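In: Sequence first, predicted coordinates after that:
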Amino acid sequence: MVDGLNSLRNLQVGQGGAAGGVGGTPAVGGAEKTAEGQSFKDVLMKNLGEVNKLQQESDQALENYVTGKSNNMGEVISASQKASLAFSMLVQIRNKLQESYDELKNLRV
């Protein structure tokens, strides 16, 4: 689960983004390969899946607590916080991507 959060941190532009363009910028074409051989799309989809998994685990822990299958409130809180943190990081990545796109749109060629 922590690996998923670390993967989200690595999605910042310049660290885990697509490489292959001039001067460190991504090449035109969209699905360029990273140094590890994965495309940016693959890394992003993997991390979306991990965030979804954390949210499902949080929901399951809460459901188990409410139905009496588990009496460990700490597990519920921990799962909820992990899911919340992962989702917050995902939203921040989306915001940065949107800002980058808007900046590129406003460039004059």
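Out: Here it is on my side, so go on.

In: The lengthiest helix in the chain - contacts with which helices or strands?
Out: Secondary structure of the chain per DSSP state H: the longest helix is helix 73-105. With contacts defined as 3 or more Cβ pairs under 8 Å, 6 or more residues apart in numbering; DSSP states H and E, the packing partners of helix 73-105 are helix 2-9, helix 40-67. (C-beta placed from N, C-alpha, C; glycine too.)

In: and that helix, average pLDDT?
Out: Mean pLDDT, helix 73-105: 96.

In: tell me which residues of it are tucked away?
Out: Neighbour counts using 16 or more other Cβ atoms under 10 Å place 75-76, 79-80, 82-83, 86-87, 89-90, 93 of helix 73-105 among the buried residues.

In: what about M45, neighbour count?
Out: 12 (other Cβ atoms under 10 Å).

In: and which of the buried residues of helix 73-105 is nearest L48?
Out: Proximity of the buried residues of helix 73-105 to L48 (Cβ to Cβ) peaks at L90, which lies at 7.3 Å.

In: Excluding covalently adjacent residues, which one is nearest to that closest one?
Out: In space, and not counting its chain neighbours, L90 is closest to V51: 5.2 Å by Cβ to Cβ, 6 or more residues apart in numbering.

In: before we move on, back to that, need the helices and strands packed on helix 73-105 in TSV (columns: distance to N106 and mean pLDDT).
Out: Converted to TSV, the helices and strands packed on helix 73-105 look like this (distance: least, Cβ to Cβ, whole Å; pLDDT from 0 to 100):
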stretch	distance to N106	mean pLDDT
helix 2-9	27	51
helix 40-67	22	95
